[in-house]
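Q: Okay, structure incoming, though there's no sequence with it:
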């Protein structure tokens, strides 16, 4: 029997027991006071946030239309923005072209808000948020009190592991002093309350799965990369193209062999346009020269330079015949086995065999060179995979353009230039 424990009681420890009960009661009161202050403040802020979102929704609906308000709500654009600023805030986050697209789409006779692809409407989300907040308030009203401190804490602990049966001493302590409430109890109680009440409630879901709103509206954001004349002038300077002519509309007519590279630079520039765009006097101004140079550098780094690094004697063919071709004509003497390309793909000199193009097995191949490099099927497959993984047809064409023209491959129909081989595989019909 716990005789040692009972000695204080037997020797007049009743006063001591009352002091311990008072301490536990005070601890419970402090825990409840702290939790009440914390969560009541959270509820009030949450209520204001929900009502602000509703006010912002109404403002955007009146100014830009209900569909635009639905989109802004779902994407979290109505949070923490004063209502007198929310219209401008939405306009800053969505382009005029996008807003026009949404408004035009909503005017179609068959249009329904469900066409936006969201599972719920703002009105439903708003009602759900208010209901969830009320549920949290009710739980707090019923459980943020002294009597619930120990039971809620024990319930929280039981969720993680089964509570052990109290020992004889623990039963005696409870009989004499009541439920044991300490600082540790407060930590567990706060964890339990936080788990039950959770984070701040928002009107719109935190994430929307599936396709983007742009995909659902079949909308592509127009990108400003400068006028055609500005683009062409910048590219002509970058590529040092001299034999050009003026075209109608202020643009330039490039020699046809540069066409694929020019188009690839313009296509790549769209990805980086915003980095070279500034707002001056309310008008977007694009640094076209800087943008085109950056796009060209990216293509050089990812496509042109890696190809050049694989060969020795790699150069542009500047002959008059080459200048009449519809693509850039390149030549190479041999392969550079020090390039990581060969090591990374387990290729050797057996996959790139230098041969005289006058030899019987490769005779008749028109590459504009006296000697060629016969590529194995294995090596051709590696480069085919690289082409396949490029992000657009314009970059695929650029890759093929910069392959040496004297690379050839043996096919069931005979020996053909590797460029022709890839043009047929990827249907690069503009050649």
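A: Right, received. Where do you want to start? These numbers were taken from a predicted model, which means no experiment stands behind them.

Q: Tell me where this protein has strands.
A: Using DSSP state E, the strands of the chain run over 245-246, 252-253, 277-280, 283-286, 311-312, 315-316, 330-331, 334-335, 352-356, 371-375, 407-411, 414-417.

Q: by contact count, what packs against the second one?
A: Under the contact definition 3 or more CB pairs under 8 Å, 6 or more residues apart in numbering; DSSP states H and E, strand 252-253 sits against helix 228-239, strand 245-246. Backbone N, C-alpha and C define where each C-beta goes, glycine included.

Q: go on, the third one?
A: The contact analysis (3+ CB pairs under 8 Å, 6+ apart) places strand 277-280 against strand 283-286.

Q: The strand it packs on: which residues count as buried?
A: Under the neighbour-count criterion of 16 or more other CB atoms under 10 Å, strand 283-286 has residue 286 buried.

Q: circling back to that earlier point, any chance of the strands of the chain in JSON lines, plus distance to residue 56 and mean pLDDT?
A: Listed next are the strands of the chain as JSON lines, based on distance: least, CB to CB, whole Å; pLDDT from 0 to 100:
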{"stretch": "strand 245-246", "distance to residue 56": "52", "mean pLDDT": "80"}
{"stretch": "strand 252-253", "distance to residue 56": "49", "mean pLDDT": "84"}
{"stretch": "strand 277-280", "distance to residue 56": "24", "mean pLDDT": "82"}
{"stretch": "strand 283-286", "distance to residue 56": "27", "mean pLDDT": "84"}
{"stretch": "strand 311-312", "distance to residue 56": "60", "mean pLDDT": "96"}
{"stretch": "strand 315-316", "distance to residue 56": "59", "mean pLDDT": "92"}
{"stretch": "strand 330-331", "distance to residue 56": "58", "mean pLDDT": "92"}
{"stretch": "strand 334-335", "distance to residue 56": "63", "mean pLDDT": "94"}
{"stretch": "strand 352-356", "distance to residue 56": "64", "mean pLDDT": "88"}
{"stretch": "strand 371-375", "distance to residue 56": "62", "mean pLDDT": "88"}
{"stretch": "strand 407-411", "distance to residue 56": "61", "mean pLDDT": "90"}
{"stretch": "strand 414-417", "distance to residue 56": "62", "mean pLDDT": "85"}
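
Q: got CSV for those, with distance to residue 228 too?
A: Shown next, in CSV, are these (distance: least, CB to CB, whole Å):
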stretch, distance to residue 228
strand 245-246, 12
strand 252-253, 9
strand 277-280, 17
strand 283-286, 13
strand 311-312, 35
strand 315-316, 26
strand 330-331, 28
strand 334-335, 40
strand 352-356, 41
strand 371-375, 38
strand 407-411, 34
strand 414-417, 33
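
Q: between those strands, which gets nearest to residue 143?
A: Closest of these to residue 143 is strand 277-280, at 52.8 Å (criterion: CB to CB).

Q: so where do the helices sit in the stretch 151-300 of the chain?
A: Secondary structure of the stretch 151-300 of the chain by DSSP state H, counting those that start in this stretch: the helices cover 168-177, 183-197, 213-216, 228-239, 259-272, 288-299.

Q: ok, now which ones touch residue 225?
A: Contact analysis of residue 225 by CB atoms under 8 Å, 6 or more residues apart in numbering lists 231, 266, 269-270, 273, 286, 288, 291-292.

Q: again with residue 263
A: For residue 263, the contacting residues are 394, 397, by CB under 8 Å, 6+ apart.

Q: Give me the distance between it and residue 403.
A: 17 Å (CB to CB, to the nearest Å).

Q: got it, and residue 213?
A: Where residue 403 is concerned, residue 213 sits at a distance of 40 Å (CB to CB).

Q: now swap in residue 292 and tell me
A: Applying CB to CB, the value for residue 292 to residue 403 is 24 Å.

Q: Of those two, which one has the most company?
A: residue 292 (29 against 23; other CB atoms under 10 Å).

Q: from memory the more buried one sits against residue 238, does it?
A: Yes - between residue 292 and residue 238 there is a contact at 6.1 Å, judged by CB atoms under 8 Å.

Q: what touches both of the two?
A: Common neighbours of residue 292 and residue 238, using CB under 8 Å, 6+ apart, are residue 265.

Q: how about residue 219, what does it touch?
A: 97-98, 101, 213.

Q: Please disregard the earlier target; I meant residue 58.
A: residue 69.

Q: Where does the prediction get shaky in the chain?
A: When residues are selected by pLDDT under 70, those of the chain lie in 1-37, 40, 141, 144-202, 204-210, 248-249, 282, 357-370, 428-431.
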